[in-house]
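give me the fold of what follows.
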Amino acid sequence: MLKGDYSRIAILAVCVSILVYATPAYPSYNSEAGRKHGIASKRLADLKKNSKRQKYRSYWIDTIRTFELVEKKYPKSPHAAESCFDRAGIYIDLYRHSKSLKDINDSIQQYSQCQAKYPKHSRSPEALYHVIDLSLKYKKDSATASRTFSSMNEKYQKSTWTKKAKSRVGTVTVQKPKPEPQIKKMPSPVIASAEKNKQPLGTVKSVRYWSGGAHTRIVIDQDKTIQFQAHELKKPDRLVFDLFNANLDPAIKDALPINDGILLQIRAGQYAPDVVRIVLDLASIKSYIAFPLREPDRLVIDIKGEEARSTETTASSTQTPTQKKTETAKVHSSVPQPKPKKTTIPKMPEIKNNDGEKFSLSSQMGLKIKTIAIDAGHGGHDAGAIGKNGLQEKMVTLDIAKRLAKLVKERLGCNVVMTRNKDVFVPLDKRPFIAKSREADMFVSIHANAHRKRKTKGIETYIQSITASDREAMATAARENAMTTKKLSELESEVNKMLAALKQDNKLEDSLQLAHAVQGSLVDYVKPIQPKVVNLGVKRAFFYVLINTEMPSILAEVGFISNPDEEKLLRKESYRQKIAESLYQGVKKFIDARSPQMMGI
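Numbering: from 1, shown residues only. Predicted coordinates for the structure are as follows:
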């Protein structure tokens with residue numbers, strides 16, 4: 001071998017060593033990102049194969065967050081962009097199960113953000129195509145489709161997706177935004193959920209109400225986020241709610257008479273091209289509160305009257321002609337509920353109110369707590385969480401609720417209000433109303449928890465709060481509310497007002513004391529059967545079912561039905577009776593602590 005050959009070999013060896021030891025960290029970084037992206041993709045594939053899990057929003061949201069974490073943790077990795085586009089598509093899959101336009105809106109927003117963030121990525125033209133397709137297919141929004149196509153044609157003229165989009169848009173031309181109509185300024189607005197902005201109009205689909213005792217609740221259903229303003233008008237007395245960026249469903253035609261001692265009737269009309277006006281003609285009013293809820297979007301109005309009929313009524317199909325030109329009445333009654341399914345858990349005897357007993361324990365103690373509302377979570381078409389072996393949360397909660405009701409009636413002598421006493425669906429926003437209309441003094445909601453990790457177990461009790469104790473509490477609330485946790489902030493303003501009012505009346509402190517009494521009792525009673533029971537403690541989170549209850553209120557998660565061991569226990573009648581006994585003892589402990597102490601002479 002020549003001397004020059006040795007030199008060339010030495011130089012080559014040095015170059016190789018430089019390449020080996022000077023390689024940047026990106027390949028390992030990308031490798032880890034790829035592994036995490038693979039895990040997220042596997043989770044999505046498993047979800048698409050599992051028809052049971054597909055029914056629960058929490059599984060979809062967890063999958064979306066898994067992709068989101070990949071993008072956030074590995075922003076420089078090629079898998080960041082892939083994760084962004086992937087999670088935009090999941091919202092479309094979610095819509096096929098939820099039928100909520102909110103998911104379509106989220107998908108459109110996500111695709112738009114991904115394209116803007118990764119404009120040179122190969123999937124960017126496809127993302128804009130999806131924006132166009134979803135806008136036309138689900139929202140009938142040709143203006144957005146046209147604007148998106150113009151941008152797409154400018155940036156990705158040669159892409160096959162642009163050609164496909166051109167065919168999809170067809171002859172639609174870009175529409176200039178119309179100037180906003182001038183709306184007559186109303187006096188003294190008392191509540192506003194958001195500033196008005198230029199958005200596609202939502203549709204007010206129905207107006208429903210429940211009336212009972214001194215309370216009336218009105219629910220206005222809309223297919224987009226509600227933006228509203230409220231006014232009080234005199235001579236005659238009226239509450240007026242203007243819903244912005246909205247139009248009225250043509251099927252809503254006539255006024256809805258109520259005549260419950262609080263409201264005379266409800267009227268609705270198209271006050272302006274993009275404003276729907278809801279008018280509540282008042283008979284008497286002491287106070288009211290209004291707040292928007294999501295998924296589905298609706299405005300809830302709770303009115304407390306001076307006097308009202310005691311018989312509970314619901315929205316009727318009876319309609320009368322309108323009377324005022326500027327406030328044309330158009331009201332639509334609620335849709336019928338699905339037929340209940342048969343229960344597989346043994347039935348307990350019906351619980352009736354105990355009004356006839358004069359010497360009950362509660363009345364002898366002279367306490368304010370004479371009536372206890374017991375809420376069995378979920379029901380009807382809403383099965384709640386489902387265990388690995390098929391046990392349904394709705395059946396477990398109903399059975400425990402009936403057993404607790406029996407104990408409260410027989411041992412405390414209190415009246416009992418059941419939000420449901422059979423397998424039927426009761427909307428979350430109606431449950432606290434049922435309790436208030438029956439003048440309940442305490443509200444106990446019973447649930448069974450679930451977690452994607454089947455090893456998770458334990459017992460926990462919640463009180464209402466706009467701020468969750470931790471991420472797990474947030475996830476639990478999201479599952480029980482069937483909503484995403486990121487939307488809770490939209491309720492913050494109105495809910496904080498409610499919580500402030502409850503705090504002034506010591507109801508929050510009472511709820512906290514009740515929660516600790518119940519949590520302690522649950523853990524103590526379960527220990528002999530489940531020595532390693534996990535005490536998750538008392539937590540705070542936002543729950544629709546506890547909103548505006550105006551009484552000491554808790555939500556008890558009596559176990560994780562997703563855990564095979566706890567599912568097995570909850571399937572046993574003896575264990576459900578033990579849970580009912582422990583809930584009763586917690587309630588009794590709370591009442592005993594409030595009762596006047598008898599001193600010996």
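
tell me which stretches of the stretch 1-150 of the chain form helices.
3-21, 26-49, 57-73, 78-98, 101-117, 124-137, 142-155 (DSSP state H, counting those that start in this stretch).

residues contacting residue 517?
Taking C-beta atoms under 8 Å, 6 or more residues apart in numbering, we find residue 517 in contact with 586-587, 589-590, 593. C-betas here are computed from N, CA, C, even on glycine.

what's the distance between it and residue 551?
When distance is defined by C-beta to C-beta, to the nearest Å, residue 517 is 15 Å away from residue 551.

and for residue 48?
Distance of residue 48 to residue 551, given as C-beta to C-beta: 43 Å.

neighbour-wise, which of these two wins?
residue 551 (24 against 13; other C-beta atoms under 10 Å).

pretty sure that one sits in a helix.
No - the assignment for residue 551 (DSSP: H, G, I helix; E, B strand; the rest coil) gives coil, which keeps it out of a helix.

hang on, it packs against residue 444?
No - contact between residue 551 and residue 444 fails when scored by C-beta atoms under 8 Å: they sit 10.4 Å apart.

which neighbours do these two have in common?
Shared contacts of residue 551 and residue 444, defined by C-beta under 8 Å, 6+ apart, comprise residue 373.

how about residue 553, nearest residue that isn't a chain neighbour?
Distances taken as C-beta to C-beta, 6 or more residues apart in numbering put residue 443 closest to residue 553, at 4.0 Å, once the chain neighbours are dropped.

okay, and that neighbour sits in which element?
strand 442-449 (DSSP states H and E).

now the helices for the stretch 151-300 of the chain?
Counting by DSSP H, counting those that start in this stretch, the helices of the stretch 151-300 of the chain are 160-169.

relative to residue 508, which of the contacts of residue 517 is nearest.
Closest approach between the contacts of residue 517 and residue 508, by C-beta to C-beta: residue 590, at 14.2 Å.

list the contacts for that closest one?
513-514, 517-518, 552.

quick one: which of the residues you listed is nearest residue 241?
Nearest member of the contacts of residue 590 to residue 241, counting by C-beta to C-beta, is residue 552, at 30.2 Å.

from residue 463, how far off is that closest one?
Residue 552 is 9 Å from residue 463, where distance means C-beta to C-beta.

what of residue 559?
19 Å.

likewise residue 519?
Distance from residue 519 to residue 463, by C-beta to C-beta: 10 Å.

between the two, which contacts overlap?
With C-beta under 8 Å, 6+ apart, residue 519 and residue 463 have common neighbours residue 538.

sorry, back to before: any idea which of the helices of the stretch 1-150 of the chain is most buried?
Comparing the helices of the stretch 1-150 of the chain by mean neighbour count (mean count of other C-beta atoms under 10 Å), helix 124-137 ranks first with a mean of 22.

which other helices and strands does it contact?
Under the contact criterion of 3 or more C-beta pairs under 8 Å, 6 or more residues apart in numbering; DSSP states H and E, helix 124-137 touches helix 78-98, helix 101-117, helix 142-155, helix 160-169.

strands along the stretch 201-350 of the chain, start to end?
For the stretch 201-350 of the chain, the strands defined by DSSP state E, counting those that start in this stretch cover 202-212, 215-222, 227-233, 238-244, 246-248, 256-257, 263-272, 275-282, 287-293, 298-304, 313-314.

need those strands in JSON lines (columns: distance to residue 113).
Shown next, in JSON lines, are these (distance: least, C-beta to C-beta, whole Å):
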{"stretch": "strand 202-212", "distance to residue 113": "22"}
{"stretch": "strand 215-222", "distance to residue 113": "25"}
{"stretch": "strand 227-233", "distance to residue 113": "22"}
{"stretch": "strand 238-244", "distance to residue 113": "25"}
{"stretch": "strand 246-248", "distance to residue 113": "26"}
{"stretch": "strand 256-257", "distance to residue 113": "42"}
{"stretch": "strand 263-272", "distance to residue 113": "32"}
{"stretch": "strand 275-282", "distance to residue 113": "30"}
{"stretch": "strand 287-293", "distance to residue 113": "24"}
{"stretch": "strand 298-304", "distance to residue 113": "27"}
{"stretch": "strand 313-314", "distance to residue 113": "42"}
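
worst mean pLDDT among these?
If you rank the strands of the stretch 201-350 of the chain by mean pLDDT, strand 313-314 sits at the bottom with a mean of 50.

break the chain into its domains for me.
28-121, 202-314, 361-594 (automatic domain parsing).

closest one to residue 151 among the ones you listed?
Of the domains of the chain, nearest to residue 151 by C-beta to C-beta is domain 28-121, at 9.0 Å.

the closest one: how far from the chain's middle?
What separates the centre of domain 28-121 from the centre of its chain is 21 Å, taken as C-alpha atoms, centre = their mean, to the nearest Å.

one more: stretch 279-295?
20 Å.

what's the closest of the contacts of residue 517 to residue 206?
residue 587 (37.0 Å).

pull the CA atoms of the one helix or strand the closest one maps to into PDB?
Per DSSP H and E: residue 587 is located in helix 573-594. This file holds the C-alpha atoms of helix 573-594, laid out as PDB (Å, rounded to 0.1, in the frame of the first residue of the first chain):
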ATOM      1  CA  GLU A 573     -76.600  -5.900  46.000                       C
ATOM      2  CA  SER A 574     -75.100  -6.100  49.400                       C
ATOM      3  CA  TYR A 575     -72.300  -3.700  48.500                       C
ATOM      4  CA  ARG A 576     -74.700  -1.200  47.000                       C
ATOM      5  CA  GLN A 577     -76.700  -1.300  50.200                       C
ATOM      6  CA  LYS A 578     -73.500  -0.600  52.100                       C
ATOM      7  CA  ILE A 579     -72.900   2.400  49.900                       C
ATOM      8  CA  ALA A 580     -76.400   3.600  50.600                       C
ATOM      9  CA  GLU A 581     -75.900   3.100  54.400                       C
ATOM     10  CA  SER A 582     -72.700   5.100  54.300                       C
ATOM     11  CA  LEU A 583     -74.300   8.000  52.300                       C
ATOM     12  CA  TYR A 584     -77.100   8.000  54.900                       C
ATOM     13  CA  GLN A 585     -74.700   8.100  57.800                       C
ATOM     14  CA  GLY A 586     -72.800  11.000  56.200                       C
ATOM     15  CA  VAL A 587     -76.100  12.900  55.700                       C
ATOM     16  CA  LYS A 588     -77.100  12.200  59.300                       C
ATOM     17  CA  LYS A 589     -73.700  13.200  60.700                       C
ATOM     18  CA  PHE A 590     -74.100  16.600  58.900                       C
ATOM     19  CA  ILE A 591     -77.600  17.100  60.200                       C
ATOM     20  CA  ASP A 592     -76.600  16.100  63.800                       C
ATOM     21  CA  ALA A 593     -73.800  18.600  63.700                       C
ATOM     22  CA  ARG A 594     -76.300  21.300  62.900                       C
END
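
can you give me the buried ones in that helix?
Across helix 573-594, burial judged by 16 or more other C-beta atoms under 10 Å covers 575-591.

over to stretch 369-381?
Neighbour counts over stretch 369-381 (16+ other C-beta under 10 Å) mark 369-380 as buried.

any chance of CSV for those, columns secondary structure and distance to residue 69?
Putting these into CSV (DSSP: H, G, I helix; E, B strand; the rest coil; distance: C-beta to C-beta, whole Å) gives the following:
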residue, secondary structure, distance to residue 69
369, coil, 46
370, coil, 50
371, strand, 47
372, strand, 43
373, strand, 40
374, strand, 39
375, strand, 35
376, strand, 35
377, coil, 30
378, coil, 29
379, strand, 34
380, coil, 35
